[in-house]
Structure formats: structure tokens, C-alpha cells
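[1] Could you look at this predicted model? Sequence included:
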Amino acid sequence: MTKVAVILSGCGVFDGCEVHESTFVLLALDQAGVEYECLAPNINQMHVINHLTGQEEDTQRNVLVESARIARGKVLDLVDAVPGDYSAVIVPGGFGVAKNLCDFALKGAGMSVNEQVQIFIQAIHNAGHPVGLACISPVMSKNLFGDGVLCTIGNDEETAAAIVEMGATHQNCAVDDIVIDEKNKLVTTPAYMLADRIKDVHTGITKMVVAVLEMLK
């Protein structure tokens, strides 16, 4: 049976996983009748943002614990996940990706990916299975798939330039569309890197999930 891993990065757009994007991924998988499991690394967030004021708070939160808010408590520590149990992996966006799953927010093109995240996704990829990355998540593409990998974050010039500097290939994309790298079985969509309206995020995310599942046939 097909089972898709969904890697979360906390809860909340500014310091964790984007809640709308995560929900749309899970909804699209469920509507397709596909089993999924939420995973997250058991690490501390880079920092905590008050989403009402936008200010950083002097406290600490855990990525796995916060991800459980989105997963309704059903989230597996990434270190305990066995890549062979999954047919695909999808990573929703949110600044938690750039702050917790990798350090792009701090280092830009000099970034690195969290070791657990990199090992897991590369294992899925090396097994010939598809990967979906939404919003800011495609900044990890070169580290995960190597030089020349094709991806999109929409049309943000600064982020696209960093992706190209790292050695990936960036393609501009409309908010409600996707970019597919057939060779690497990678599907990316801009989501809230570009969206002004929630309906456009839903359309792009749904297209991404459908394309990922098509690659399993």
C-alpha cells in the first residue's frame, strides 16, 4: 500500500510549518485515498515568533512537539522513521523549513540541510520515489538532489538567485501551478512564496500532490 511521508517543521508560518499548506497537503492525500504519516525532527526551533505581533519571544519550542499541533498528535520522530516504509515524501513550506529543517534563513546560498532531513529525503529519492516541495522548501533542492535540479519558489528574485548560486535550476512559476523535474521526480509549487489568496495555495498544493501520486503509477 502507498504511504506518503509529510515532513513538518513546527507550527506557524514565521517560525514553523505553514498551517494552510500543511492542511492542504494532508487533505489532498486523503481525498486521493492515500495513507500518509506526519514526521518531524525532535529538535529545538531556531526561535519563537509571536504571530500576533511579529516579535521574537524569549522562549524555546520543540519542532516535533509543535508539529503535533498540526498532526493532531499523530506525528513520528523523524529519527524513528524508516524510509523504506514510504512511497513518497512531501514537505510543506513556512519559515520553519528555512530555520529548522535547514539554515537558509541564516546562511542563504551557503546553507546546509538538517542531517536527519537530508538522509531521509535522499533515501526516498535514491529508491526512485517522488518528492514534493512547497513554498520555501525548494531551497533545499540542490543539497538533496545535486547540481542542475529543476525547481521553483515562484518569482522572488533574491531567493531564486540563491537557488541558482547553489547550483540548482530555477523556473518562474505561477502561484497556482507546479514545476516538475522528471529526472529527479521532484514536484515544486510556490504556495505562499507568491500567494495573496488561500484558494491559489490550495490549487497549487493540490496539483503538486496529484503530480507526486501520478509518479507512483
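    It's in.
[2] Burial check on the residue nearest to Asp77 when sequence neighbours are not counted, number of neighbours?
    Excluding its sequence neighbours, the residue lying closest to Asp77 (Cβ to Cβ, 6 or more residues apart in numbering) is Asn42, at 4.8 Å. For glycine as for every other residue, the C-beta is placed from the backbone atoms N, C-alpha and C. By other Cβ atoms under 10 Å, 16 other residues sit near Asn42.
[3] Do you know the pLDDT at the residue most central in space within the chain?
    What sits nearest the mean C-alpha location of the chain, by Cα atoms, centre = their mean, is Val91, with 2.4 Å. If you check Val91, the pLDDT there is 98.
[4] which strand residues sit across from it in the sheet?
    Assessed by DSSP bridges, Val91 has beta-bridge partners Leu133.
[5] What's the separation between it and Val187?
    11 Å (Cβ to Cβ, to the nearest Å).
[6] what do you get for Thr206?
    12 Å.
[7] Which one's more surrounded, those two?
    Val187 (29 against 19).
[8] residues contacting the more buried one?
    For Val187, the contact set (Cβ atoms under 8 Å, 6 or more residues apart in numbering) comprises 130-133, 178-181, 208, 211-212, 215.
[9] what's the answer for Met208, then?
    Taking Cβ under 8 Å, 6+ apart as the test, what Met208 contacts is 90, 132, 134, 178, 187-189.
[10] Leu106: which of those residues is nearest?
    Ala134 (21.0 Å; Cβ to Cβ).
[11] Which secondary structure state is assigned to Lys199?
    Secondary structure, DSSP: H, G, I helix; E, B strand; the rest coil: Lys199 is helix.
[12] that older thread, what residues are up against the residue nearest to Asp77?
    62-64, 77-79.
[13] do Gln122 as well
    Leu144.
[14] Where does it fall, secondary structure wise?
    Here Gln122 sits within helix 115-126, counting by DSSP states H and E.
[15] tell me how far that helix is from the chain's mean position?
    13 Å (Cα atoms, centre = their mean, to the nearest Å).
[16] List the buried residues for it?
    116-118, 120-125 (16 or more other Cβ atoms under 10 Å).
[17] Mind checking the pLDDT average for that helix?
    On average, helix 115-126 scores 98.
[18] do stretch 36-52 as well
    For stretch 36-52, the per-residue pLDDT averages 96.
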